[in-house]
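my questions concern the predicted model and sequence given below.
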Amino acid sequence: MSEIDILVQNGLVVTIDDRQPLIEDGAVAIDRGRILAVGPTAELAGQYRAKKVLDARRKAVMPGLIDTHHHFLQNFHKGTRDDLALLDWIDQVSVPRIKVAVQDYLNGSHGAQLHSSRLGCVDAIRAGITTILNMEWATDPCVVDVFEQAGLRVVHTLTMTDQWISPEVLLPHATLYRLADALRQRCAGSTEGRVTFRYGLACPNSCSVPLIQEVRRRADREGVLIHIHIAETEYEWRNIGELFGATPTGHLHNLGLLGPDVLGAHCIWLSDADIELFARTGTKVAHNPECNMKIADGAAPIQKLLDAGVVVSLATDSCAVNDNMDMFEAMRTAAFLQKLTTNDPRVLPAPVTLRMATLEGARALGMEQEVGSLEVGKKADLILVDLSAAHMRPLNRIENNLVYCASSHDVATVICNGRVLLEDRRFVALDEEAWVGDAVAYADARFRQAGIELPSYFNLFS
Ligand SMILES: [Zn+2]
């Protein structure tokens, strides 16, 4: 009998691996951060002696959820955005808060980013997210410390922009590139390689042609991947059309930006030719159904993208436009929205949607060899989902129950890189109340100091 770190046993194992999709009374053996075996409990329990045994009775065992587009700073924005059009909201709500983060960065104090990241990490882990792409402004490399301490897998993406948006939040090109270099180096040396770096062009409106071209050159030279909001609004569609005589997708393609190393967020305003461009260049998509509905930006043509062979992943975008990090809700909404807008209930069946939040998410991030499914040799990123509540029962078809009935509150246990972060709904190492409480107290004081109006109950728990 060989000794291993963790044995998860007695669970209903949903592997997202076509070779053995479902194992009843199944087990996952974990050692040194990786999955050593996946199979029936009777088999694995006789084979391994584990330092820690996790009982998954009445629980689904599945890959950790992968959120491919998020902005941690906006975790401070919950409840701020109703009833404002995108441009008004950017001016009135988002920019004043981003300004705080940029000023903090320039003053060498990084409280806004550190605290919003702590708040976001707690939220993400509770929601069963084990890998998240965080696209963020002016983050000093010290923010990577937070991701390392939290235990999550993070694709940290520097927001780069040089026009259109308020000049107070813009950094000169030289500063942006210096910061990108510092972040890239810091992420390359991150604990267990859990944090990786990506270039983040904000969107075609807010990035000049020289910035887009320089990021492409740097990405090619350094082998770093690119993230960008693409075709999110009708405004962008019209504006890029007027300026360049092209669709936003066509414009980026003309500049040589699109490619298999590019992940586009939203991708709503796409012509059939644009979809063809996504397919031909191997550009990938992060679909944010709830954000798109809340801002009334439109419904992305997900089924058409899938039909064309494009990799489509799922995301929550942020707590400013969602306003939660519930990937189960994102799955359910993605399926419903696509069924509604295509008038076809057959599109996005539950197993396809479940893959979008797991294996396709990994693919969108170029990490499918490492995460996204429960397969031998992959990193041990998995969650245990409680199936005992009334809203989950009976279990007619586990994939459907997970997509249509479950919520993030059903997540009981979270393991990332072979380390238990949350066990039976309790954080193992992280001091949840300190992380959340300190974050909100910081935002309370800092935002008031910056002249942002907040209700007296903003920090009710102080
Ligand atoms: Zn976004």
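Arrived safely, thanks for sending.

run a quick neighbour tally on residue 460.
8 (other CB atoms under 10 Å). C-beta: built from backbone N, CA, C; applies to glycine.

any idea which element it lies in?
Using DSSP states H and E, residue 460 sits in no helix or strand.

roughly how far apart are it and residue 432?
According to CB to CB, to the nearest Å, residue 460 and residue 432 sit 17 Å apart.

what's the answer for residue 303, then?
In terms of CB to CB, residue 303 sits 39 Å off from residue 432.

how about residue 423?
Using CB to CB, residue 423 is found at 13 Å from residue 432.

where do the helices sit along the stretch 351-462 of the chain?
In the stretch 351-462 of the chain, the segments counted as helices under DSSP state H, counting those that start in this stretch are 359-364, 398-400, 432-449.

quick one on the thing from earlier: residue 303 and residue 432: who's more crowded?
More crowded of residue 303 and residue 432, by other CB under 10 Å: residue 303, with 18 against 14.

domain parsing for the protein?
2-63+379-427, 65-364 (automatic domain parsing).

do you know which of these lies nearest residue 449?
Among the domains of the chain, domain 65-364 comes nearest to residue 449, with 8.6 Å by CB to CB.

ends of the closest one, what's the gap?
This stretch, domain 65-364, spans 13 Å end to end (CA to CA, to the nearest Å).

below-threshold pLDDT in the stretch 1-150 of the chain: ranges please.
Applying pLDDT under 70 to the stretch 1-150 of the chain flags no residue at all.

where do the strands of it begin and end?
Using DSSP state E, counting those that start in this stretch, the strands of the stretch 1-150 of the chain run over 2-14, 22-31, 34-40, 48-55, 59-63, 65-70, 129-136.

JSON lines for those, including mean neighbour count and distance to residue 418?
Below are the strands of the stretch 1-150 of the chain laid out as JSON lines (neighbours: other CB atoms under 10 Å; distance: least, CB to CB, whole Å):
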{"stretch": "strand 2-14", "mean neighbour count": "21", "distance to residue 418": "6"}
{"stretch": "strand 22-31", "mean neighbour count": "21", "distance to residue 418": "5"}
{"stretch": "strand 34-40", "mean neighbour count": "19", "distance to residue 418": "7"}
{"stretch": "strand 48-55", "mean neighbour count": "16", "distance to residue 418": "10"}
{"stretch": "strand 59-63", "mean neighbour count": "26", "distance to residue 418": "14"}
{"stretch": "strand 65-70", "mean neighbour count": "29", "distance to residue 418": "17"}
{"stretch": "strand 129-136", "mean neighbour count": "28", "distance to residue 418": "11"}
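
any chance of those in TSV, with distance to residue 186 too?
What follows is those, written out as TSV (distance: least, CB to CB, whole Å):
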stretch	distance to residue 186
strand 2-14	28
strand 22-31	28
strand 34-40	25
strand 48-55	31
strand 59-63	27
strand 65-70	19
strand 129-136	14
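
what comes up buried for stretch 330-347?
By neighbour count on 16 or more other CB atoms under 10 Å, the buried set for stretch 330-347 is 330-339, 342, 347.

now the two most distant members of the residues you listed.
Using CB to CB, those span at most 18.3 Å, a distance reached by 330 and 342.

and the residue positioned nearest the centre of the chain, what does it touch?
Note on the chain: the residue nearest the mean C-alpha position is residue 67, at 2.5 Å, using CA atoms, centre = their mean. By CB atoms under 8 Å, 6 or more residues apart in numbering, the contact set of residue 67 is 124, 129, 131-133, 314-316, 325, 327, 330, 361.

please apply the same query to residue 341.
Counted by CB under 8 Å, 6+ apart, residue 341 has contacts residue 299.

any idea how far it is from residue 69?
For residue 341, the distance to residue 69 - CB to CB - is 20 Å.

quick check, pLDDT for residue 243.
Each residue has a pLDDT score; the one for residue 243 is 97.

helix or strand right after whichever strand or helix holds it?
Using DSSP H and E, residue 243 sits within helix 234-244. Sequence-wise, the next helix or strand downstream of helix 234-244 (DSSP H and E) is helix 248-254.

can you pull out the helices in the stretch 101-250 of the chain?
Under DSSP H, counting those that start in this stretch, the stretch 101-250 of the chain gives helices at 111-126, 143-150, 173-188, 209-222, 234-244, 248-254.

contacting residues around the shortest one?
Think helix 248-254. By CB under 8 Å, 6+ apart, the surrounding residues in contact with helix 248-254 are 203-204, 212, 228, 230-231, 236-237, 240, 244, 246, 258, 264, 267, 269-271, 273-274, 277-278, 281.
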